[in-house]
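# let's see this in three dimensions:
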Amino acid sequence: MKKPSRIGKVAHDIGLSTWFGGTFFGQVSLNPTVSSISDESERGRVLSEAWARFQAANLPAMLSTLLGWRLGGVREDSDLRAPGLTRAKDVLLGGAAFNTVVSAILGTSTAAVSRGGATPVRSGTRPSRQTPPEAALAMRLLRFTGDGSLVVVSALIETAEPKPRGFLSRLLSG
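Below is the predicted model:
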């Protein structure tokens with residue numbers, strides 16, 4: 001069985017953990033917690049700055065994950081372990097990459113509505129009455145981004161044993 005390159009595996013795993021770990025933290029902790037800031041514009045500024053800083057790591061992490069998966073041999077190794085899950089991961093990776101790019105665009109457009117990113121908000125995904133309509137729409141769309149199922153599928157693939165591929169291999173291993 002051909003093993004993935006170490007660099008490809010490391011790039012994939014570090015990228016995946018950064019990509020989804022940071023996004024998970026933002027969705028579970030940062031977005032709801034900013035509601036404790038009394039000034040709605042300050043909430044928006046803090047969110048805009050925090051997510052912009054994270055995007056500086058998030059977009060390279062996404063690329064690292066995708067390149068490790070496709071070019072580092074990680075996908076081929078996964079296909080030997082769990083072909084169905086590998087195809088599912090292909091779809092999930094594509095969806096997650098799309099969500100990441102759309103989230104970055106929506107977040108930037110929300111921040112751009114007000115000077116210094118201080119767009120008034122209720123929380124990280126909830127507009128306030130003072131949120132301009134175009135930013136409110138972007139925030140509502142942001143609620144649909146993010147996907148932790150990719151991490152679950154990756155873990156299942158990692159724990160799967162390689163499957164015999166050809167008829168003779170299946171016959172001799174059975």
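
# can you classify Lys3 by secondary structure?
Using DSSP: H, G, I helix; E, B strand; the rest coil, the structure places Lys3 in coil.

# what about the helices in this structure?
6-25, 31-33, 40-71, 74-81, 83-112, 133-142, 149-159, 167-173 (DSSP state H).

# ramachandran angles for Pro4?
With angles defined as degrees, to the nearest 10, Pro4 sits at phi -70, psi 160.

# number of nearby residues for the nearest residue to it once chain neighbours are set aside?
Closest residue to Pro4 apart from its sequence neighbours, by Cβ to Cβ, 6 or more residues apart in numbering: Gly73 at 3.5 Å. Placement of C-beta: from N, CA and C, glycine included. Residues contacting Gly73 under the criterion other Cβ atoms under 10 Å number 19.

# residues contacting Gly73?
Neighbouring residues of Gly73 by Cβ atoms under 8 Å, 6 or more residues apart in numbering: Lys2, Lys3, Pro4, Ser5, Gly8, Lys9.

# repeat that with 10 Å
Lys2, Lys3, Pro4, Ser5, Arg6, Ile7, Gly8, Lys9, His12 (Cβ atoms under 10 Å, 6 or more residues apart in numbering).

# compare those residues and tell me which is most surrounded.
His12 (26 neighbours).

# ok, the closest residue to it other than its chain neighbours - how many residues close by?
Among residues not flanking His12 along the chain, Gly68 sits closest, at 2.8 Å (Cβ to Cβ, 6+ apart). Gly68 has 24 neighbours, counted by other Cβ under 10 Å.

# cool, Thr131 as well?
Residues lying near Thr131 (other Cβ under 10 Å) number 22.

# distance-wise, check the nearest residue to it once chain neighbours are set aside relative to Ser128.
Distance criterion Cβ to Cβ, 6+ apart; nearest residue to Thr131, sequence neighbours excluded, is Pro120 at 5.4 Å. Pro120 sits 5 Å away from Ser128, taking Cβ to Cβ, to the nearest Å as the criterion.

# cool, Val46 as well?
For Val46 relative to Ser128 (Cβ to Cβ), the value is 14 Å.

# quick one: which of the helices of the chain is nearest Gly124?
Closest to Gly124 of these is helix 31-33 (Cβ to Cβ; 2.4 Å).

# wait, what's in contact with Val151?
Leu16, Ser17, Trp19, Phe20, Gly21, Phe24, Leu92, Ala96.

# the second one is in contact with Ala57, isn't it?
No. With contacts counted by Cβ atoms under 10 Å, Ser17 stays clear of Ala57, the gap being 11.3 Å.

# quick one: contacts for His12?
His12 neighbours (Cβ under 10 Å, 6+ apart): 4-5, 64-75, 78, 154.
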